[in-house]
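>>> sequence and predicted structure are below.
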Amino acid sequence: MNVQQFEDARWKTLDQPIEFRHRAAAGLIEGGSMLDLGCGDGLLLQMVGDKVNKKVGLDISPEALEKCHAKGIEAHSQSFDDPLPYPDNSFEYVVLLDVLEHVYDPALLLKEAARVSSNYVIVGVPNFSSLPARIQTLLGRVPENNQPHKGHLYWFNDRVLQRVAREAGVKIVAKKMNTFSLAAAFGDFWTNLFPNVFALSFVVKLQKSHG
(Lines give C-alpha, C1' and ligand atoms only; values in the text may rest on other atoms or scores of the structure.)
Protein backbone atom coordinates (compact mmCIF):
# COMPACT_ATOMS: atom_id res chain seq x y z
CA MET A 1 0.00 0.00 0.00
CA ASN A 2 1.46 3.37 -1.02
CA VAL A 3 0.81 6.73 0.67
CA GLN A 4 -2.08 7.67 -1.61
CA GLN A 5 -3.83 4.36 -1.02
CA PHE A 6 -3.26 4.71 2.73
CA GLU A 7 -4.83 8.18 2.77
CA ASP A 8 -7.69 7.18 0.45
CA ALA A 9 -8.60 4.33 2.79
CA ARG A 10 -8.88 6.81 5.65
CA TRP A 11 -10.87 9.46 3.80
CA LYS A 12 -13.40 7.01 2.37
CA THR A 13 -14.89 6.65 5.85
CA LEU A 14 -13.49 9.63 7.77
CA ASP A 15 -14.89 13.11 8.29
CA GLN A 16 -12.69 15.29 10.47
CA PRO A 17 -14.07 16.34 13.84
CA ILE A 18 -12.99 19.77 15.06
CA GLU A 19 -10.01 19.19 17.35
CA PHE A 20 -7.41 21.26 19.19
CA ARG A 21 -5.14 21.64 16.16
CA HIS A 22 -7.93 23.12 14.02
CA ARG A 23 -9.05 25.63 16.67
CA ALA A 24 -5.46 26.62 17.45
CA ALA A 25 -4.48 27.09 13.81
CA ALA A 26 -7.63 29.04 12.97
CA GLY A 27 -6.89 31.36 15.90
CA LEU A 28 -3.38 32.08 14.59
CA ILE A 29 -4.61 33.10 11.13
CA GLU A 30 -5.47 36.79 11.00
CA GLY A 31 -6.43 37.31 7.38
CA GLY A 32 -4.88 37.46 3.95
CA SER A 33 -4.43 34.35 1.83
CA MET A 34 -3.89 30.75 2.89
CA LEU A 35 -2.60 27.48 1.49
CA ASP A 36 -3.51 24.34 3.45
CA LEU A 37 -1.08 21.49 2.76
CA GLY A 38 -2.66 18.15 3.59
CA CYS A 39 -6.06 19.80 3.71
CA GLY A 40 -8.00 16.54 3.97
CA ASP A 41 -11.73 17.19 3.67
CA GLY A 42 -11.23 20.97 3.94
CA LEU A 43 -12.33 21.43 7.55
CA LEU A 44 -9.79 24.14 8.41
CA LEU A 45 -10.47 25.97 5.16
CA GLN A 46 -14.13 26.07 6.16
CA MET A 47 -13.34 27.22 9.70
CA VAL A 48 -11.34 30.31 8.68
CA GLY A 49 -14.34 31.53 6.71
CA ASP A 50 -14.36 34.99 5.23
CA LYS A 51 -11.39 36.32 7.18
CA VAL A 52 -9.17 34.71 4.52
CA ASN A 53 -9.68 36.27 1.10
CA LYS A 54 -8.00 33.48 -0.87
CA LYS A 55 -7.75 29.87 0.30
CA VAL A 56 -6.52 26.77 -1.47
CA GLY A 57 -6.00 23.20 -0.32
CA LEU A 58 -3.56 20.53 -1.48
CA ASP A 59 -3.80 16.84 -0.67
CA ILE A 60 -2.49 13.54 -2.01
CA SER A 61 -5.83 11.74 -1.62
CA PRO A 62 -8.45 11.91 -4.41
CA GLU A 63 -11.02 10.82 -1.83
CA ALA A 64 -10.21 13.88 0.31
CA LEU A 65 -10.25 16.18 -2.70
CA GLU A 66 -13.72 14.96 -3.68
CA LYS A 67 -14.97 15.96 -0.24
CA CYS A 68 -13.41 19.41 -0.64
CA HIS A 69 -14.94 19.91 -4.05
CA ALA A 70 -18.36 18.85 -2.75
CA LYS A 71 -18.08 21.73 -0.25
CA GLY A 72 -17.09 24.22 -2.94
CA ILE A 73 -13.48 24.40 -1.73
CA GLU A 74 -10.65 24.89 -4.21
CA ALA A 75 -8.28 21.95 -3.72
CA HIS A 76 -5.74 20.19 -5.91
CA SER A 77 -3.71 16.99 -5.96
CA GLN A 78 -0.18 17.18 -4.61
CA SER A 79 2.52 14.71 -3.61
CA PHE A 80 4.67 16.23 -0.90
CA ASP A 81 7.71 14.59 -2.46
CA ASP A 82 7.39 17.19 -5.24
CA PRO A 83 7.96 20.96 -5.20
CA LEU A 84 4.85 23.00 -4.49
CA PRO A 85 3.27 24.36 -7.70
CA TYR A 86 3.39 28.03 -6.70
CA PRO A 87 5.96 30.83 -7.03
CA ASP A 88 7.73 32.36 -4.03
CA ASN A 89 5.60 34.39 -1.58
CA SER A 90 2.26 33.29 -3.03
CA PHE A 91 0.31 33.04 0.26
CA GLU A 92 0.36 34.97 3.53
CA TYR A 93 -0.08 31.71 5.45
CA VAL A 94 0.87 28.16 4.63
CA VAL A 95 -0.55 25.55 6.99
CA LEU A 96 0.58 21.97 7.69
CA LEU A 97 -1.53 20.28 10.36
CA ASP A 98 -0.52 16.70 11.16
CA VAL A 99 1.57 16.53 7.99
CA LEU A 100 5.26 16.78 8.92
CA GLU A 101 5.21 13.58 10.97
CA HIS A 102 4.10 11.72 7.83
CA VAL A 103 7.21 12.52 5.75
CA TYR A 104 10.82 11.33 5.94
CA ASP A 105 12.37 14.81 5.67
CA PRO A 106 10.11 17.35 7.40
CA ALA A 107 12.69 20.18 7.20
CA LEU A 108 12.70 19.92 3.41
CA LEU A 109 8.90 20.18 3.18
CA LEU A 110 8.83 22.98 5.74
CA LYS A 111 11.44 24.90 3.78
CA GLU A 112 9.30 24.51 0.65
CA ALA A 113 6.24 25.72 2.58
CA ALA A 114 8.21 28.78 3.71
CA ARG A 115 9.22 29.47 0.11
CA VAL A 116 5.62 29.87 -1.07
CA SER A 117 4.65 31.81 2.07
CA SER A 118 5.08 35.55 2.15
CA ASN A 119 5.18 35.62 5.95
CA TYR A 120 3.97 32.74 8.12
CA VAL A 121 3.84 28.95 8.24
CA ILE A 122 1.59 27.24 10.78
CA VAL A 123 2.50 23.70 11.81
CA GLY A 124 0.72 21.20 14.02
CA VAL A 125 2.39 17.98 15.21
CA PRO A 126 1.69 15.43 17.97
CA ASN A 127 4.13 15.08 20.86
CA PHE A 128 5.61 11.59 20.78
CA SER A 129 7.25 11.89 24.20
CA SER A 130 4.23 12.96 26.28
CA LEU A 131 3.68 11.52 29.73
CA PRO A 132 0.82 9.26 28.56
CA ALA A 133 3.10 7.84 25.82
CA ARG A 134 5.86 7.24 28.36
CA ILE A 135 3.48 5.43 30.71
CA GLN A 136 2.16 3.27 27.87
CA THR A 137 5.73 2.32 26.97
CA LEU A 138 6.54 1.42 30.59
CA LEU A 139 3.46 -0.82 30.61
CA GLY A 140 4.72 -2.62 27.52
CA ARG A 141 2.18 -1.03 25.17
CA VAL A 142 2.83 0.75 21.89
CA PRO A 143 1.77 4.41 22.33
CA GLU A 144 -1.13 5.53 20.16
CA ASN A 145 0.97 7.87 17.99
CA ASN A 146 3.45 5.08 17.22
CA GLN A 147 0.92 2.54 15.97
CA PRO A 148 0.97 1.56 12.28
CA HIS A 149 -2.53 2.81 11.48
CA LYS A 150 -1.36 6.36 12.17
CA GLY A 151 1.14 6.31 9.30
CA HIS A 152 3.70 8.35 11.24
CA LEU A 153 7.27 8.31 9.94
CA TYR A 154 8.95 11.06 11.97
CA TRP A 155 8.64 11.42 15.74
CA PHE A 156 8.29 14.95 17.09
CA ASN A 157 8.55 16.58 20.47
CA ASP A 158 9.22 20.21 21.38
CA ARG A 159 12.98 20.01 20.90
CA VAL A 160 12.70 18.19 17.59
CA LEU A 161 10.16 20.74 16.32
CA GLN A 162 12.52 23.59 17.22
CA ARG A 163 15.41 21.87 15.44
CA VAL A 164 13.38 21.18 12.29
CA ALA A 165 12.25 24.83 12.25
CA ARG A 166 15.88 26.02 12.46
CA GLU A 167 16.88 23.67 9.65
CA ALA A 168 14.09 25.10 7.49
CA GLY A 169 15.14 28.68 8.23
CA VAL A 170 11.99 29.74 10.09
CA LYS A 171 11.51 30.82 13.70
CA ILE A 172 8.72 30.10 16.18
CA VAL A 173 6.83 33.30 17.08
CA ALA A 174 3.79 31.72 18.77
CA LYS A 175 3.05 28.31 20.27
CA LYS A 176 -0.12 26.63 21.48
CA MET A 177 -0.22 23.33 23.36
CA ASN A 178 -2.93 21.05 24.65
CA THR A 179 -2.60 18.60 27.49
CA PHE A 180 -4.42 15.80 29.29
CA SER A 181 -7.05 16.46 31.95
CA LEU A 182 -4.89 15.81 35.03
CA ALA A 183 -2.21 18.30 33.95
CA ALA A 184 -4.83 20.79 32.75
CA ALA A 185 -6.24 20.89 36.29
CA PHE A 186 -3.05 22.70 37.36
CA GLY A 187 -3.28 25.30 34.58
CA ASP A 188 -0.60 25.94 31.97
CA PHE A 189 2.35 26.14 34.35
CA TRP A 190 3.62 22.57 34.08
CA THR A 191 2.89 22.31 30.35
CA ASN A 192 4.92 25.47 29.68
CA LEU A 193 7.72 24.32 31.98
CA PHE A 194 7.97 20.75 30.64
CA PRO A 195 6.32 20.68 27.20
CA ASN A 196 7.99 17.40 26.21
CA VAL A 197 6.23 15.72 29.13
CA PHE A 198 2.87 17.45 29.51
CA ALA A 199 1.90 18.60 26.00
CA LEU A 200 -0.06 16.19 23.84
CA SER A 201 0.52 18.22 20.69
CA PHE A 202 1.93 21.50 19.44
CA VAL A 203 0.62 24.11 17.02
CA VAL A 204 3.20 26.78 16.19
CA LYS A 205 3.27 29.91 14.11
CA LEU A 206 6.56 30.18 12.25
CA GLN A 207 7.86 33.32 10.58
CA LYS A 208 10.16 33.19 7.62
CA SER A 209 13.27 35.30 7.43
CA HIS A 210 13.04 38.33 5.15
CA GLY A 211 16.77 39.01 5.33
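Looks like it came in fine. Numbering: from 1, shown residues only.
>>> residue 101: how many residues sit nearby?
For residue 101, the count of nearby residues is 20 (other CB atoms under 10 Å). For the C-beta atoms, the positions are set from N, CA and C on the backbone; glycine is no exception.
>>> then residue 173?
11.
>>> quick check, it in a strand?
Yes: Residue 173: assigned to a strand according to DSSP: H, G, I helix; E, B strand; the rest coil.
>>> which residues belonging to the helix or strand where residue 136 lies are considered buried?
For residue 136, the element it lies in under DSSP states H and E is helix 131-138. By neighbour count on 16 or more other CB atoms under 10 Å, the buried set for helix 131-138 is 131, 132, 133, 136.
>>> do you know how far the first one is from residue 163?
Think residue 131. Using CB to CB, to the nearest Å, residue 131 is found at 21 Å from residue 163.
>>> picking that back up, export the buried residues of helix 131-138 as JSON lines, with columns for pLDDT and distance to residue 73.
Shown next, in JSON lines, are the buried residues of helix 131-138 (pLDDT from 0 to 100; distance: CB to CB, whole Å):
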{"residue": "131", "pLDDT": "94", "distance to residue 73": "37"}
{"residue": "132", "pLDDT": "93", "distance to residue 73": "34"}
{"residue": "133", "pLDDT": "95", "distance to residue 73": "34"}
{"residue": "136", "pLDDT": "95", "distance to residue 73": "37"}
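>>> which single one of those residues is nearest to residue 120?
Distance to residue 120 across those (CB to CB) is lowest for residue 133, with 29.1 Å.
>>> quick check on the nearest residue in space to that closest one that is not next to it in sequence: phi, psi?
Of all residues beyond its chain neighbours, the one nearest residue 133 is residue 143 (3.8 Å), with distances taken as CB to CB, 6 or more residues apart in numbering. Here is the backbone geometry of residue 143 (degrees, to the nearest 10): phi -60, psi 150.
>>> now stretch 18-32, how far from the centre of its chain.
11 Å (CA atoms, centre = their mean, to the nearest Å).
>>> give the bridge partners for the most centrally placed residue in the chain, please.
Nearest residue to the geometric centre of the chain (CA atoms, centre = their mean): residue 97, 1.6 Å. Taking DSSP bridges as the rule, residue 97 bridges to residue 124.
>>> again, but for residue 205
Under DSSP bridges, the beta-bridge partners of residue 205 are residue 122, residue 174.
>>> which residue ranges form the helices in the protein?
3-13, 20-28, 43-48, 62-70, 106-116, 131-138, 158-168, 181-184, 189-193, 195-198 (DSSP state H).
>>> list the residues that contact residue 8.
Residue 8 makes contacts with 61, 62, 63, 64, as judged by CB atoms under 8 Å, 6 or more residues apart in numbering.
>>> roughly how far does residue 197 sit from residue 190?
Using CB to CB, residue 197 is found at 8 Å from residue 190.
>>> residue 116 now?
37 Å.
>>> over to residue 41?
35 Å.
>>> these two: which is more packed in?
Counting neighbours by other CB under 10 Å for residue 41 and for residue 190 shows that residue 41 has the greater number, 24 against 18.
>>> so what's that one closest to, chain neighbours aside?
Residue 41 sits nearest to residue 67 (CB to CB, 6+ apart), 4.0 Å away.
>>> before we move on, the earlier item: by neighbour count, which of the contacts of residue 8 wins?
In these, the most neighbours by other CB under 10 Å go to residue 64, 25 neighbours.
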